[in-house]
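>>> A structural model of the following input is requested.
(3 chains)
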Amino acid sequence: MSNSRYSVTELAALLGAEPVLSDLLIKGIGTLESATETQLSFLHNSRYQLQLTDSVAGAILVREEHRHNVRSVALVVDDPYLAYAKATALFAVNRCSSSELISPSAIISPDAKVADSVIIGPNVVIGEEVTIASGVSIGANCVIGAACSIGEDTRLSANVTLYSDIRVGTDCLIHSGAVIGADGFGFANDAGEWVKIHQLGGVIIGDGVEIGAGTTIDRGALDDTVIGNGVILDNQIQIGHNTVIGDCTAIAACTAIAGSTRIGKNCTIAGACAIAGHLTLVEGTHITGMSMVSRSILQPGAYSSGTAAEPHQQWKRNAVRFRQLDEMSRRIKNLEKTVKQQNTEGQP
Amino acid sequence: MSNSRYSVTELAALLGAEPVLSDLLIKGIGTLESATETQLSFLHNSRYQLQLTDSVAGAILVREEHRHNVRSVALVVDDPYLAYAKATALFAVNRCSSSELISPSAIISPDAKVADSVIIGPNVVIGEEVTIASGVSIGANCVIGAACSIGEDTRLSANVTLYSDIRVGTDCLIHSGAVIGADGFGFANDAGEWVKIHQLGGVIIGDGVEIGAGTTIDRGALDDTVIGNGVILDNQIQIGHNTVIGDCTAIAACTAIAGSTRIGKNCTIAGACAIAGHLTLVEGTHITGMSMVSRSILQPGAYSSGTAAEPHQQWKRNAVRFRQLDEMSRRIKNLEKTVKQQNTEGQP
Amino acid sequence: MSNSRYSVTELAALLGAEPVLSDLLIKGIGTLESATETQLSFLHNSRYQLQLTDSVAGAILVREEHRHNVRSVALVVDDPYLAYAKATALFAVNRCSSSELISPSAIISPDAKVADSVIIGPNVVIGEEVTIASGVSIGANCVIGAACSIGEDTRLSANVTLYSDIRVGTDCLIHSGAVIGADGFGFANDAGEWVKIHQLGGVIIGDGVEIGAGTTIDRGALDDTVIGNGVILDNQIQIGHNTVIGDCTAIAACTAIAGSTRIGKNCTIAGACAIAGHLTLVEGTHITGMSMVSRSILQPGAYSSGTAAEPHQQWKRNAVRFRQLDEMSRRIKNLEKTVKQQNTEGQP
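Numbering: from 1, shown residues only, chains lettered A, B, ... in the order given. Model prediction:
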């Protein structure tokens, strides 16, 4: 739990809400249902309006239209969800209270360049010619390969692996288990045997990127794999070699993107999708969950594939018919022909 | 290989089989096909009955009905598969033979509370205010964040990462590469840019939980993510923030569950499924492999989606027709109308 | 960047091209578009023929038919892609320049057998009775469980985890985050509670195998899980217990294979597939991306499933119809019957 305390008046100012006068001290954030009288809450979705009127939260972020449904203090903002996001930063716990910045157990190559005010956790291994800018924090047991550079204020959680020659921008957050720069899956076939194509490119990660736990981003074959500024990647995503992801694109967990695909800016790709290689998805493409994308998408908009779960016995009958779809289509065509003939024959 | 040895008579008693008299020493377990004359085997599925009569295993766990098909000694039980599970515990190898309980290379915060008889492997890093109960074993290179608590007899394999404020119950087993408590994927959009919602909740893991290799369980946004008692999770599962999994639910590998979904007790979810966020799946829900669950399931039972692989050329024709399904349906309706009219017209 | 330099004449000899006379020094490899005048390039796919004529690359690997489209020096080979693969090995950077072979921070069991000329990185932990052959290189923070054996010239990147009793062949490459030998997902159900089946088998990995980042290969229940020689596995693949993969089979990222499935030699399985347990896929099976394989495949050939993404609104209408497929099929049958009757009735 955070030790942060803000008066409601202060919060209104910090979160861009209409000014209010209240010296009530707010000590945390809760949902409408769970927030106590010294916590802040928010109404994001009108569906939860009933919970709003019942909530005992000390102050609640709402849009103008819900101002009068708040029992305590309404903090009126244009976008309560965005204001809530900003509020979470105020109450986030800072766990880096260690007095020593660089753990004595870290193993740092003598020719690495590490700026002042960098935090390096226990057992971290930093290779040759690595450059680490100020404000960077590297969690325990991370391994940073040779010739990597990490920009200002970027944080790596514990157990992150960076291969050599990876460039990470400023203000990024990389979660545990992520692996950046492993070899792309490139092989040539020589009479049945696979001959490795050594992956000579690197990975470039922009500024303000978040990379989830267990996500893997492969290095490029010849050119680099590129993740744009402000991209957010959830857990267990796979990004193939030479893929390029545009700025501020968001990708949810367990989506796999094959090599050399280019995804534009401001796309959203939901979880568990599979996107084939060598495709282009234009700016403003939105893919719903578990979709299979096997062709380029050249018009912005929402795209989907797949079929949703249904009771097993019913599904079984339908799934069998899927394999007869082409035949069904031809039978419909035949029927249309026959019926049209009958109609014509019946006419004088 | 285990050094355990049990006479057949002892095994019968330990596994709850009908008493038998045999001082043959059993030294391990094998399948019906591979078991030697000093190994135990079992018949789980009547499909393998032929293998039963051929098996040279020293003793075989069977149901009453197969007693007379065993060439050696039949160990008669109600549930041979369950008895086999119990037998594996007798022959499991205990690799923790190190004489020192706590590796001198482990880095343990001075204010962590570590009980007696805890095993802590090499290079383990344990943060501030962590509590570790007796009988716990932590594999090499694990990182345990601040304020975590780990219950009695829980084991972590090598290279497990626990972020801060994670509560793990008793008798759990967490496999390598698992990451518990990384940030949930929460962001608000501010005119195209993503603003991070700091994840202020934790993760609570019940007693007797098994978590597979590379599985990620995100911390909650405000409240906690909760894994019930006796839950078993296979490898590379993703569990989003604030998801709640009921007791004794089993989830197979590579299934992704988005945030805030509630899954009841005693569910089974097969591998490679994708379950959307904010859903409810009631107790006793069973999902088959690679299903897409995009709506709540309020009736217990088996559910499925997807279509199975078929020869590529045939699939291609059918998959094209899928995109014409709605049109096909309307054409059928039109045909029905026309044919009905013809029928009516034909009548006097 | 590599410091390797080869004259074009040397390259022709090394890559099996027609001899050419040119002492131009080649310093790297680039795509047709990006290669400079001191780089090698290649034409793999006739689609890029236009780029060939524009390319300023110092030398270009081409088939006979494109010889005259090269502005600089054509290196004529039968298979330019294979020659390119061989060329990447010449220009790959060798980062292992550390003067010490075994990091003083590595923790190696006194009864492990480590050959000469083995590289062991910082914080590596090696258990009892491990055998490591000559030429092996183990990256930082890897953990090698008891009684493992690693064959000659095999390389493990940083943060790889091997459980105990794993046999890895020669010339393998295992990427970061991979976990080999975690428990298979085996449990018996005892009146609603799961009883663990301890996994007593191991994992056997052949020679020349590549295993991608974050890939997990479970140990066998009784017998071993087996990966054949020359198998290539991409990132985040899951291989269940007792699965057997035949020689030279290639599997792309995020594919999940359940337990006890046998996959033949020389198969290719694309990314994001799910393959059920206890199946057989014969030699020469090829599965396209995101396919669901729920039955054995006994004829070689290409197999597919799934449907590709389409605009969301259109998909929604089609996906609803999928649930009516069986009914649609019956309506077609009824129509056919009725129309046939009408035809018959209309006849004299």
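>>> quick check: bridge partners of the residue nearest the centre of chain A?
Among the residues of chain A, the one closest to the centroid is A:Leu233, at 2.8 Å (CA atoms, centre = their mean). Taking DSSP bridges as the rule, A:Leu233 bridges to A:Ile211, A:Ile251.
>>> residue contacts, it?
Applying CB atoms under 8 Å, 6 or more residues apart in numbering or on different chains, we find A:Leu233 in contact with A:209-212, A:215, A:227, A:239, A:251. From N, CA and C alone the C-beta is placed, and that goes for glycine too.
>>> mind checking if stretch A:40-56 is in reach of chain B?
No. Counting by CB under 8 Å from any CB of the partner chain, chain B has no neighbours in stretch A:40-56; the shortest distance is 8.9 Å.
>>> ok so A:Gln51 is a helix residue?
Yes. Counting by DSSP: H, G, I helix; E, B strand; the rest coil, A:Gln51 falls inside a helix.
>>> that one contacts A:Glu33, correct?
Yes. Look at A:Gln51 against A:Glu33 with CB atoms under 8 Å: they come within range, at 5.7 Å.
>>> immediately after the helix or strand harbouring A:Leu61, which helix or strand?
Using DSSP states H and E, A:Leu61 falls within strand A:59-62. For strand A:59-62, the following helix or strand on the C-terminal side (DSSP H and E) is strand A:73-76.
>>> how about that next one as PDB, C-alpha atoms only?
The C-alpha trace of strand A:73-76 is given here as PDB (Å, rounded to 0.1, in the frame of the first residue of the first chain):
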ATOM      1  CA  VAL A  73     -17.700  14.800  -3.600                       C
ATOM      2  CA  ALA A  74     -17.900  14.700  -7.400                       C
ATOM      3  CA  LEU A  75     -14.700  15.400  -9.300                       C
ATOM      4  CA  VAL A  76     -16.000  16.500 -12.700                       C
END
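>>> partner strands of that strand and their direction?
Paired neighbours of strand A:73-76 in the sheet (DSSP bridges): strand A:59-62 (parallel).
>>> show me the contact partners of the strand it pairs with.
Outside strand A:59-62, the residues that touch it by CB under 8 Å, 6+ apart are A:8, A:11, A:15, A:17, A:20, A:22, A:24, A:26, A:32, A:40-43, A:52, A:69-70, A:72-77, A:80, A:83-84, A:87.
>>> repeat the analysis, applying 6 Å as the threshold.
Strand A:59-62 has contacts (CB atoms under 6 Å, 6 or more residues apart in numbering or on different chains) with A:8, A:40-43, A:70, A:73-75, A:77, A:80, A:83-84.
>>> would you turn these into CSV with pLDDT?
As requested, the contacts of strand A:59-62 are arranged in CSV below (pLDDT from 0 to 100):
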residue, pLDDT
A:Val8, 97
A:Leu40, 97
A:Ser41, 97
A:Phe42, 97
A:Leu43, 96
A:Val70, 95
A:Val73, 96
A:Ala74, 97
A:Leu75, 98
A:Val77, 97
A:Pro80, 97
A:Ala83, 97
A:Tyr84, 97
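>>> so, low pLDDT: which residues of the stretch 201-348 of chain A?
The model of the stretch 201-348 of chain A has pLDDT under 70 over residues A:346-348.
>>> what are the boundaries of the helices in it?
Taking DSSP state H, counting those that start in this stretch as the criterion, the stretch 201-348 of chain A carries its helices at A:312-322, A:325-346.
>>> coming back round to it: how far away is the residue nearest to the centre of chain A from B:Asn189?
Shown here: A:Leu233 relative to B:Asn189, a distance of 16 Å by CB to CB, to the nearest Å.
>>> likewise for A:Leu101?
Here A:Leu101 is placed at a distance of 35 Å from B:Asn189 (CB to CB).
>>> which one of the two is surrounded by more residues?
Set A:Leu101 next to B:Asn189 and count neighbours by other CB atoms under 10 Å in any protein chain shown: B:Asn189 wins out with 16 against 13.
>>> C-terminal to whichever strand or helix holds that one, what's the next element?
Assigning secondary structure by DSSP H and E places B:Asn189 in strand B:187-190. Counting by DSSP H and E, the element after strand B:187-190 in chain order, helix or strand, is strand B:193-196.
>>> in terms of secondary structure, what does that next one contact?
Counting contacts by 3 or more CB pairs under 6 Å, 6 or more residues apart in numbering or on different chains; DSSP states H and E, strand B:193-196 is packed against strand B:187-190.
>>> now do the buried residues in the strand it packs on.
B:187-189 (16 or more other CB atoms under 10 Å in any protein chain shown).
>>> chain A next: which of those are close?
With CB under 6 Å from any CB of the partner chain as the criterion, the subset of these in contact with chain A comprises B:187-188.
>>> burial check on A:Glu310, number of neighbours?
Neighbour count of A:Glu310, defined by other CB under 10 Å: 18.
>>> what's opposite it in the beta bridge?
Those that pair with A:Glu310 in a beta bridge, by DSSP bridges, are B:Ser304.
>>> thinking again about what came up before, reformat the helices of the stretch 201-348 of chain A as TSV; add mean neighbour count.
Below are the helices of the stretch 201-348 of chain A laid out as TSV (neighbours: other CB atoms under 10 Å in any protein chain shown):
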stretch	mean neighbour count
helix A:312-322	18
helix A:325-346	16
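>>> let me see the contact set for A:Leu173.
Under the criterion of CB under 6 Å, 6+ apart, the contact list for A:Leu173 reads A:155, A:210.
>>> distance of it from B:Ala182?
Separation of A:Leu173 from B:Ala182 (CB to CB): 10 Å.
>>> surely A:Tyr6 touches A:Leu25?
No. A:Tyr6 is not in contact with A:Leu25 according to CB atoms under 6 Å; the separation is 7.2 Å.
>>> interface residues of the stretch 151-300 of chain A facing chain B?
Counting by CB under 6 Å from any CB, the stretch 151-300 of chain A sits next to chain B at A:158-159, A:175-177, A:213-214, A:230, A:232, A:234-236, A:248, A:253-254, A:266, A:271-272, A:289-290.
>>> from the residues you listed, which are also near chain C?
Contacts with chain C within these, counted by CB under 6 Å from any CB: A:Gly214.
>>> now, the residues of the stretch 151-300 of chain A next to chain B that are in strands?
Here DSSP state E is the test, and these give A:Ile232 as lying in strands.
>>> for PyMOL, what selects the buried ones among the residues of the stretch 151-300 of chain A next to chain B?
To isolate the buried members of these in PyMOL, using 16+ other CB under 10 Å:
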select buried, chain A and resi 158+159+175+176+177+213+214+230+232+234+235+236+248+253+254+266+271+272+289+290
